[in-house]
Structures are given as C-alpha cells and as structure tokens.
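A.B. asks: Mind looking at a prediction? Sequence and model below.
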Amino acid sequence: MGELKTVFWLTLKEKRDVALAVVFGFLAGLAGVALLGASGYLISKAALTAQMTTLVVMAASLKLFGFAAAITRYAERLFSHRATFTMLGHLRSSFFERLAPLAPGIFQRHQSGDLLSRIVGDVESLQNFLLRVLYPPIVVGMALVATVFFTSFYSLPMALVVLAGAIFVVVILPAFFALRRRKKTHVTGETRGEFAAASAEFLYGFKDLKIHLALDQKSSELQETAHRYEQAQQNEGLEENRVQSVNALVAFLASFFVLATGAYFVSIGELSGLYLAMLVMVSLGAFENVGPLAALPAYYEESRIAARRLEEVVEGKPDDSTGAMPEGPVDIRVDQLSYRYPNDSRLSLDEVSFQLPQGSKTAIVGPSGSGKSTLLQLMLKVALPEGGEIRFGDEVLNSMRPENVWARMNVVLQENHFFSGTIESNLRIANEQADAEQLHEALELVHLGHMELSAPVYEKGRNLSGGEKQRLAMARAFLKGERLWLLDEPFSSVDGITAQSIYSELFTRHPQDTFVIISHDLAGLESMDRILVLENGRLIEQGDYQQLMDRRGYFYELKKIEEQVFV
Amino acid sequence: MGSLKQMAYSQNNHIRLLFLASLAKGLAMIGQAVFFVWVADSVFLKSASFEEVLPLLAALLAVIVLRAGASYAVGRLGVTLSIEARRSLRRELIASYKENPLQGSIAGQSGRKVGLLLEAVDDTDGYFNKYIPQMIQSYTIPLMLLGVIFYLNWTTGLIILITAPFIPLFMAIVGKRTKQKADEKVEQLAGFSGAFLDVLQGLTTLRLFGQAKRQGDTIRENSLKFRDSTMDVLKSAFLSSLTLEYISMLSIGIIALEIGLRLVVFDSITFFPAFLVMLLVPDFFNLLKEFGSAFHTARGSAASAELLSEELAKSHQPVVWGESPVDAPIELALEQVGFQYGEGFQLEATSFKLHGGSSIALVGASGSGKSTLMNVMAGLLPATSGRILINGLPREQVSEDEWFGQLSYITQDPYLFTGTIKENIELGANRVVAQQELIVAAQKAGILELIESLPEGFETVIGEAGRGLSGGEKQRLVLARAFLKKPALLFFDEPTAGLDLHTEQVLQKAIEELSKEATVITIAHRLHTIRSASRIIVLDAGRVEAIGTHEELMDSFSSYRSMIEAQQGGKQAWVN
C-alpha cells in the first residue's frame, strides 16, 4: 500500500465527493437489498392472507425501493466519477510540481523516448484506484454489515453466516488473489515488451533481413514472441475468469448456507417461516453487489505499479545549489571537462579545456557523436561533469542555481517545444512584458515578418515547418534579451542564405554579446572569432577560420569532404 | 465488425461449446430458483422437517456448483476464443508484412504497423471475449427463462413480451444520444487530455525560460475543465442506464401487481409458482441489460477491426522469382523498366545495361527517384512494367535466395539487431563463420580495434537493448557484414555528411576494396565517387534524364555541367 499513499491522500482531498459517493453507494446497495427483502416478505405474507392492503403495500414498496435504488445508483456514479477526475487533476499538478525541478536533467537519465507518454498513461490508469480499488469494498462491505445487522434481529445464526460470507468475499478473497497476482503480473508486461521490440526490429530492419536471407527466420521468431505474449495474456485472462467465478460461487454459497440455516431453524420452530424467504432474499441482494470486487486484485496491482513507476521518476533530488551568476558580461572558462553518459564505458567528453572571452563569437564543430551537444548541456548545467569545471567569470557553475544560470542566457536547443496556442503566446514565454512591436521586430529579425501574431500553433508546433520552428525559437531567444547566447544547431533546417543573414544581423545588433554556436556544417564560419573542433570527445583544434585552413589539419580535411558532397 | 463475426464463428468448436455452457447456465439458473422456492415452500407452508428438505438442499447445492461451473466455462471459452482469434489475426498480419515488397522501402510506416500488431489486435479483445459470449447467452438463457415463465403463468410471459422490447429500443435511442454528445465533445476532450502531455514535453523549454512554476496551476485548471466536459458526457451515459433501470423496474412492478392480484384477490396461483416467477423475472431483465453493455464494448473494438481489415485487404504485388542459380560476375539489364506506387510516385520506363564488374552512380535531387530505382534493381520492389535480366535471364527465372546471397546493400542509416556484435556481423554470411574470418572482416571494416577494446569483445550485446553505437560505428559494423559476405553486387547509399573523418576514410577504402570484385550501384553524393563511376545516371522527377560517363555528360548535358560547376565553386553547401 506504501506506493499508493500519495494517490490515497490526493483522493481524500475530495472529501465531499468521496463521502457523497460512499453514502449513495451504500444507499443504493441498501435499496437493492430492501427491494428483494420486501418482495420475499410480501409474497410470503400474501400467500397466507387475502388482504388487499398487503397487495397495495407490496406494489408500493417494490416501486419505492426500485426507484430509490436506481436514483441512488445514478448519484453514486456521478459523485464517484467526479471525485476521480478531480483527483486526477490534483495528481497531475502535484506530479508536475515534483517533476519540474528535475527537468531537463531527468530526460538525460531516462533515455527511453516514451517516458512522457508513459507518465501520462500511468496517471490516467490511476483513475481506477478510487473507482475500482478503494471504494467498492467499502460500499459493498457497508451494505453487507447492514444486512448482518438487520438479519440479527430475526436470527443470530443466519446473521453470522452472512457475516462469514462477507468477510470471505470482501477481505479474504481479494487479498488472496491480489497476492497471487503480484507474483506473476510482470510476465504479461515483459512478454509484451519483448513482442513490441521484436515487431519493431522486424519492421525497421526489414530490408537488411530480406537481403541477408534472414526474413523467414526472423518472422518465425516474431511469431514465437507473439505466441509467448498471447500465452501470458491467456493466463492472465484465465486467472481473471477464475477470480470472478470463485467470487460468484462464494456469494451463492453464502446465500445457500443462509437458506439452509434458516430452513433448519424454521423446521425446529425457532424462526417464523414468514421471514425465511425475506432473509434469504436479503442475503441474495447483499451478495449480488460483489461483482466489482472480482476485478479488484487486477486493478489494485495495476494502480500499485503505476504509482510506483511515477514515484521512481520523481525520486531524484533536485539541484539545490543557490549560487548566482556574476552580474554583467562574463568570460567563460572550461577546464579539464570530462563527461560520461550513464552506463557507457567511454567518455563523451575527455578533458576539454578552453576560454571564451566576453563578447567573443565561437563556433563548435565536429562530426555527429563528437560531444558538441554534450558540451553545451554541461554549460547549461543540465548534466554535471565527471571531472573538471566550468566558470562564468570567477564563479564555478557547479555552485549556481540552474534557474539563475538560465535566466541570464538566450538558449536555442536542437529540439524546441511549441505549445498549443498562438504565435504570440509562444513568443511571450520568453518575455511577458514585450509589446506587439517588440514581437514583430523579433519576427522580422528571423525573416518571419509575414506571420500573424494571432496565428494558431498546434500541439508540438506540428503546423510549423522545421525551419519555422527553428527561427521562432531564435526569435524567442532574441526576445529574452540576455547577453550570453548558447545555440545548438539552431539553423539545421534553415537554408544557408537566410541563416547567414540572421547571424550577421544578430552580430551587428549585439557586438558586445557572447555567442557560442554549435554548427552542423562548416559554411559561413569565416566570420567567427574562433572555432573549436571536437572529435570523439576531445578538443583537437581551435583557432579562427583562416588559421585552421592554413594548418591543413582536421578542420581542413572536414572542409574538403564537405566540398565534395554533392546533394 | 462483420469480419470479426466471421472470425469468431469460424471457431466452430468454441461457439458450440459456448452454446452448451450457456444452456447449462440457464438450466442451473432455473434450477437454483426452483430448489430455493421449493425449500422455502416446504418448510414455510408445508411444515416439512429439516431432514425432509435435506435432499432439496443437496440438489440446490449441486445446481449452484453447476451454475458457477457453467459461468466459469463461458468465461474461459471467451478468453480462449479471443486469444485464438487474435493469434490468427497476428499471424495473418505478420505474413502480410513479410510479403509486402514496399515494406523495406516506404519509410515512416513502421511505427503505425507496430501499433496495428500490438494495440489494434488487442483492442478486438472486447468483441471476442465479452460480446460474443454475452450474445450467445442472450440467445439462449432469456428464451429458457421466458419458456419457464410462460409455463408457470402465461399472463406474466405476455407482459414480458410486451415490455421487454422497450429495453433494446430505448438502449438504441439513448445510446445514440450519448454518442452524439460524446462526438460533440470529442475534440474538446482530446484537447484537454493532450494538454498535460504538451506541458510535459515542453518542460525543458519552460524551465529554460523560467516559466515552469505557473504551469502547475494551468495543469490543474485544464484537468478540472476536462473533468467537467467528461462529466457532461458521462451524465448522459449514466442517465441512459437510469432510464433502462426504470423500464425494467416498471415491467417488474406490473408483473408483481399481476401476480399479487392473482395471489391475493383471485387466489388463482399458489405460493410456489408465484415466488418462482418473481425470482426469474429480474434475472431475465438483468441479462438484457448486460447484453446492452457488452454491445457497447463491441463498438469499441469496431474501429480497430476496421483498421486491421483495411491493412489485410491491401493487395501486394510481390517480386516474382524462379529457380536458376546466379553466378558472379553479375550483369544486369533493364528493359523499359518502370515503377508506380499506387496513384503516387512514378518512375518512368527506362532501359540500360550494367556489365559485370562495372559501377554506376545515380545522381539527382532528393525525391528524383534514385532510391526507388535502386530498390527496383535490387529486387526489393517489383517492376510494374518492363523486365529485368540477370545474366541474360529474366528475373522471374532466377532464384531469390541465390540473388540475395550475392548482394550487399549499405544504407545511410544501417539497422542493427538486438544481439551480439558477432551475431550482427554473421548476419551477412548466413553460415557458420570461423573466428578468424570474423576478425579479418572486422579489421577490413576498421572496427576491430573498437571491438577488442570492449570488455566482452565480439560478444558485446548491441541494438535496442544493448550498448549504443555511434553512426560511424554502425556503418563500419555493416561494412564488416559486407566483407564477410563478399558480394558480387553492391548497392550503396553514400552518406551525405556527419561521419567522422576516420569513418569516412574507412568507408572510401572499403568501398574501393569491395568494388574490385563486384558490380556496384551507388547513390552518389561525393564528387569523387561520381567521377570514378563507369557510368552516371542522372535522374529528375522520376525520369532518367541522361546516362553516360562523366566526360560525356560534361560535354553534352548542360544541366549536369552546371551542377558540377556549382559544386566546384564551393558554395554548394548552402543549398540543402
């Protein structure tokens, strides 16, 4: 239960709805029981007498209880669902509040791209916690206890039989099956993962498999993993069916023993036969509601796993350094910087050292995988170095609070997010005070002057082209108006001429600003103060364009290959 | 949904057993009510002793066990029916993927196809596991109950016959209204539920701009709006079950009144049948309502079923192969070969011949048809017109295994499989390989050093689940594959940029070495490669514009000349 503590408390925050749901659920259960009990009693009574009143009471009470049952059931559903959805809202925002301080570092640690959709799915699946785990045993249990209480007025032994059945159905069986389930529940998930991986491999690697004559073998392997997955699904389905059947059987048996006990006491004259049918009907009615309990073990296990996974995600300790970045323009000094990705034996950055004076314009180049982006991430304090340090002015980056660092930088990453909204709402993220004129100016700067500020932006900016997104991200950086620019391949999808003209406009407007630009190609580097060349995590050359070309070293070779490329 | 139904009914045995189990369940339900009333009647009105009712109790116990057993059987049959159906769906899908020649060449579809194989197939569970068993039960049990009720008291039966049809009728009316409501809100709902993901995805951006704090409130607000819209839809769904409840309640009320009148006023019925009828009638209505909810589940499966049958209905035109062996060197001739994909991309008919040991460079802008032409030549795509001759024989007569056994295909984005480095290299050979051969291949591909630096060497696990490799390392591993295979035919898609210098050099050398023995077809991006090719094919918008050597084209084909000149001007890198 430990894993579900947070969810539990968040659910209870909605006291009123939860309480109302429980009350109406209880009333619905009672009305159902009363309906059956009344019909049992009245039909017995009717068999004995010939009074018209019996008939009238019978018809009226059946109607009354029937309508009461239906209406309370309706109210119960309404309130329980309301409470659940409110709880989900609390859960989302409280989870977000814990996740936010860990980002973006957390996305580095979890390399799997589906982390986010998994989070969304897990939160979503927790809606079953109240509806199908927490609340059915309470409501069913209460109705059963009321039945025991009522029955005890007529026959204590029959009440005890109902009580025993209730304990069995509400406590023992769900607990037993939940435990049993915990032992094997991971099998389905595991085989599903294997099957998904095998399918992806089969489809993405299709061409290679075909050419290497491995298609038959792989497709039969895929069939086998599918088979294992289906086997696991089947076992799970059968187990569910077993739980359901046992549950139903126990409920029927409880009513059977109520009847047997009742019959015995009627036969020895200790109970009036008039009540027998009523009491048995009452117990039938009370046990009629236990159906949802059969699904409880499965949902409990599902909720538990979802809650645990969510906990694991936000388990990390946020960066609690408090230092601030020095005021004014700063020199950047990088000293013996090394970094290794988790679970990797190789260093991604290997003792890199360099200095960037304030106001300098630097490009970092190198083949993919050479450590360019890693270097930028360390400069942003998104990841912490394994060795060495970065200084802004005289302060060590390690001691600074990440927010304080970011607040002083204009950053464009390779992937920049655009929120569902408008161009304006997406630009304002950078600067809330900006007026329309400033926003227009920013758009003009990145050659998007034709865009309307009120134009809609869809989720993830999917109505924008790659180049538009990159230029809007640059406009955002511009609007932020800080003195230090960190840009990671900001124009990889923008044509060279436009990119170059945006750069030169920026450099002219902000001659005093420090620029660090990671570049995917080697063109247009002539205007940079210095170029750092990385390969395999090492800084192998630095200098300005002419120096590097004159050296006829690595940069020169790269340049030659690039000139050879014929697109 | 029609095709799902066919699939379900093709499992004759399961369906028959389902009918049997439902029959047993119906009998048990009736038996349970009968013995229950019998016991009550005996001790209450006939003052029987406990010993006298013991046999009745034993019989009651027996039918309770029978009922539970029959329910269990129905559930179990549902599960196995569903698993069988999904299994055969998957088998068909995998087979269809395997036969589809476009699979390897039309990119961007793989994710959707994985989704079909996993989610869409699993989504049909509701239909097979819930709807079908429920439907079969609805065919049998209510009829049995109705029969017994008619036998006991025909007027009750008559009332049921009149009132019961209102349930499906209202279910249809109310269900339609609910669906309408849901449709109205669907966009709004999707928007709200996507909002959380949107914020999560943008978390990095938000934090960099110092905006994360405010988003917590936005999320809560959106969640509450989501709740209210959802509740609107749910309210009408709950209201519909309330209506159904009322209808059945009303019918039961009328029946109770009728039974009561006969019992109290007219004395024309005794306690036994009266009580029995009163027990059976609610059961009857419950079954009808359950069928309604099962129908709802089935509708959820329908969308997935449609996607699946759409995918399975696609007809594939496979590449046709024969039996004849293929010997190196390979000579390839295209005679009026063209290709068309549906209404979309078209490669116009073209003819040329490729002598054994020669090399061809394919040149053209992206989207000009270079990859399509290469795939057609490699036998990965069928030619939709014309014919391809391999060593003088039409491709239809040549053995597929022999052909692919002779060729290697090196793409810009090579795919590595989950497994050891050794397994990945050996994929090229398709036979048992001596360690020494493996080492030589790795060395030629310039990756031996890296492999030996790994603690597990050739046994290091790579791919999805294993160690990540950089783009350059992947390329070299794939080259090792090719060195092991020693292809007579080499298809090569030159990388445009982004490799480290070392890999670039290794690639160049390796291609030269492999080309010594092989016929080579390259999608060329390097001037060097284009110049040294025996012949160059220039493509534009799906048409072969010119074929010739570098010199010939420089002389006679002006657009080629201007392309080359622009390149040599060194400013080409701007044009992406």
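C.D. replies: In hand now; what should we look at? Being a predicted model, the structure only gives us computed values, none of them experimental. Numbers count the residues shown, from 1 in each chain, chains lettered A, B, ... in the order given.

A.B. asks: alpha carbons only for contacts and neighbour counts from here, please
C.D. replies: Fine.

A.B. asks: mind checking how far the host helix or strand of residue B:545 is from the chain centre?
C.D. replies: Here residue B:545 sits within strand B:543-548, counting by DSSP states H and E. Its chain's average C-alpha position is 40 Å from that of strand B:543-548, according to Cα atoms, centre = their mean, to the nearest Å.

A.B. asks: what helices or strands is the helix or strand just after it leaning on?
C.D. replies: Counting by DSSP H and E, the next helix or strand C-terminal to strand B:543-548 is helix B:550-556. Where contact means 3 or more Cα pairs under 8 Å, 6 or more residues apart in numbering or on different chains; DSSP states H and E, helix B:550-556 is packed against helix B:558-568.

A.B. asks: Does anything pack onto the helix it packs on? Which helices or strands?
C.D. replies: helix A:554-564, helix B:550-556.

A.B. asks: Reformat the ones you listed as a markdown table; add mean neighbour count, distance to residue A:410 and mean pLDDT.
C.D. replies: Formatted as a markdown table, those follow (neighbours: other Cα atoms under 10 Å in any protein chain shown; distance: least, Cα to Cα, whole Å; pLDDT from 0 to 100):
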| stretch | mean neighbour count | distance to residue A:410 | mean pLDDT |
| --- | --- | --- | --- |
| helix A:554-564 | 18 | 28 | 84 |
| helix B:550-556 | 15 | 49 | 88 |
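
A.B. asks: Kindly reformat these as JSON lines containing distance to residue A:213.
C.D. replies: As requested, the helices and strands packed on helix B:558-568 are exported to JSON lines (distance: least, Cα to Cα, whole Å):
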{"stretch": "helix A:554-564", "distance to residue A:213": "35"}
{"stretch": "helix B:550-556", "distance to residue A:213": "36"}
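
A.B. asks: Of those helices, which is nearest residue A:173?
C.D. replies: Nearest to residue A:173 among the helices and strands packed on helix B:558-568 is helix A:554-564 (70.2 Å), distances taken as Cα to Cα.

A.B. asks: Get me the contact residues on the stretch 351-500 of chain B for chain A.
C.D. replies: B:364-366, B:380, B:401, B:404-405, B:407-409, B:415-417, B:427-430, B:464, B:467, B:470-471, B:496-500 (Cα under 8 Å from any Cα of the partner chain).

A.B. asks: returning to that earlier point: closest one to residue B:53 among the helices and strands packed on helix B:558-568?
C.D. replies: Once the helices and strands packed on helix B:558-568 are compared by Cα to Cα, helix A:554-564 is nearest, at 97.8 Å.

A.B. asks: could you dump the closest one to CSV, C-alpha only?
C.D. replies: Extracted as CSV, the C-alpha positions of helix A:554-564 are listed here (Å, rounded to 0.1, in the frame of the first residue of the first chain):
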residue,chain,number,x,y,z
TYR,A,554,41.4,18.0,-39.3
PHE,A,555,39.2,21.0,-40.0
TYR,A,556,40.8,21.4,-43.4
GLU,A,557,40.0,17.7,-44.1
LEU,A,558,36.5,18.1,-42.9
LYS,A,559,36.0,21.1,-45.1
LYS,A,560,37.3,19.2,-48.1
ILE,A,561,34.9,16.3,-47.6
GLU,A,562,32.1,18.8,-47.3
GLU,A,563,33.0,20.4,-50.6
GLN,A,564,32.9,17.0,-52.2
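
A.B. asks: for the stretch 451-576 of chain B, what are the low-confidence residue spans?
C.D. replies: Low-confidence segments of the stretch 451-576 of chain B, defined by pLDDT under 70: B:464-468, B:497-498, B:566-576.

A.B. asks: So residue A:532 is in contact with residue A:370, correct?
C.D. replies: No - counting by Cα atoms under 8 Å, residue A:532 stays clear of residue A:370, with 11.6 Å between them.

A.B. asks: and those two? which has more neighbours close in?
C.D. replies: Neighbours per residue (other Cα atoms under 10 Å in any protein chain shown) separate residue A:532 from residue A:370, with residue A:370 holding more: 23 against 20.

A.B. asks: quick one: the strands in the chain?
C.D. replies: If you meant another chain, say so; for now it's chain A. Using DSSP state E, the strands of chain A run over residues A:332-339, A:349-356, A:361-365, A:387-392, A:395-396, A:409-412, A:421-422, A:456-457, A:484-488, A:514-518, A:530-535, A:538-543.

A.B. asks: try again with chain B
C.D. replies: Assigned by DSSP E, the strands in chain B fall at B:332-340, B:346-354, B:359-363, B:385-390, B:393-394, B:407-410, B:419-420, B:461-462, B:489-493, B:519-523, B:535-540, B:543-548.

A.B. asks: So which of the ones you listed is nearest residue A:419?
C.D. replies: Here strand B:461-462 is closest among those (Cα to Cα), at 36.1 Å.

A.B. asks: elements contacting the closest one?
C.D. replies: Checking 3+ Cα pairs under 8 Å, 6+ apart, strand B:461-462 ends up next to strand B:419-420.

A.B. asks: Residue 413: neighbour count?
C.D. replies: By default, I'm working from chain A. 20.

A.B. asks: Chain B was what I was after
C.D. replies: Neighbours around residue B:413, by other Cα under 10 Å: 11.

A.B. asks: Look at residue B:253 and say how many residues are nearby.
C.D. replies: Based on other Cα under 10 Å, the number of other residues close to residue B:253 is 19.

A.B. asks: give the contact list for it.
C.D. replies: Contact analysis of residue B:253 by Cα atoms under 8 Å, 6 or more residues apart in numbering or on different chains lists A:59, A:62-63.

A.B. asks: wait, what's in contact with residue 72?
C.D. replies: Going with chain A. Taking Cα under 8 Å, 6+ apart, one finds A:24-25, A:27-28 in contact with residue A:72.

A.B. asks: wrong chain, I was asking about chain B
C.D. replies: Contacts of residue B:72 (Cα under 8 Å, 6+ apart): A:241-242, A:245.

A.B. asks: show me what contacts residue 34?
C.D. replies: No chain specified, so I'll use chain A. So residue A:34 contacts A:65, A:282, A:285 (Cα under 8 Å, 6+ apart).

A.B. asks: ah, I was thinking of chain B
C.D. replies: residue B:276.

A.B. asks: any chance you could map the helices in the stretch 401-550 of chain A?
C.D. replies: With DSSP state H, counting those that start in this stretch, the ranges of helices along the stretch 401-550 of chain A come out as A:402-406, A:423-428, A:436-445, A:466-480, A:496-509, A:545-551.

A.B. asks: should've said the stretch 151-300 of chain A
C.D. replies: Using DSSP H, counting those that start in this stretch, helices in the stretch 151-300 of chain A cover A:156-167, A:173-204, A:206-211, A:215-267, A:273-288, A:291-294, A:296-313.

A.B. asks: quick one, the fifth one and helix A:215-267 angle?
C.D. replies: Between the axes of helix A:273-288 and helix A:215-267, defined by axes from the mean of the first three to the mean of the last three Cα atoms, to 10 degrees, the angle is 160 degrees.

A.B. asks: What helices and strands are in contact with helix A:273-288?
C.D. replies: On a contact count with 3+ Cα pairs under 8 Å, 6+ apart, helix A:273-288 meets helix A:15-48, helix A:135-152, helix A:215-267, helix B:12-44.

A.B. asks: For residue A:107, which of those helices is the nearest?
C.D. replies: helix A:215-267 (29.6 Å).

A.B. asks: That closest one close to chain B?
C.D. replies: Yes - interface with chain B: helix A:215-267 contributes A:215, A:219, A:223, A:226-227, A:230, A:233-234, A:237-238, A:241-242, A:245-246, A:248-249, A:252-253, A:256, A:259-260, A:263-264, A:266-267 (Cα under 8 Å from any Cα).

A.B. asks: just to revisit the earlier point, quick one: closest of the helices and strands packed on helix A:273-288 to residue B:554.
C.D. replies: Among those, if distance is taken as Cα to Cα, the winner is helix A:215-267, at 43.2 Å.

A.B. asks: Show me how far that closest one is from its chain's centre.
C.D. replies: The answer for helix A:215-267 is 31 Å, by Cα atoms, centre = their mean.

A.B. asks: what packs against that helix?
C.D. replies: Using 3+ Cα pairs under 8 Å, 6+ apart, helix A:215-267 is in contact with helix A:156-167, helix A:173-204, helix A:206-211, helix A:273-288, helix A:291-294, helix B:12-44, helix B:50-99.
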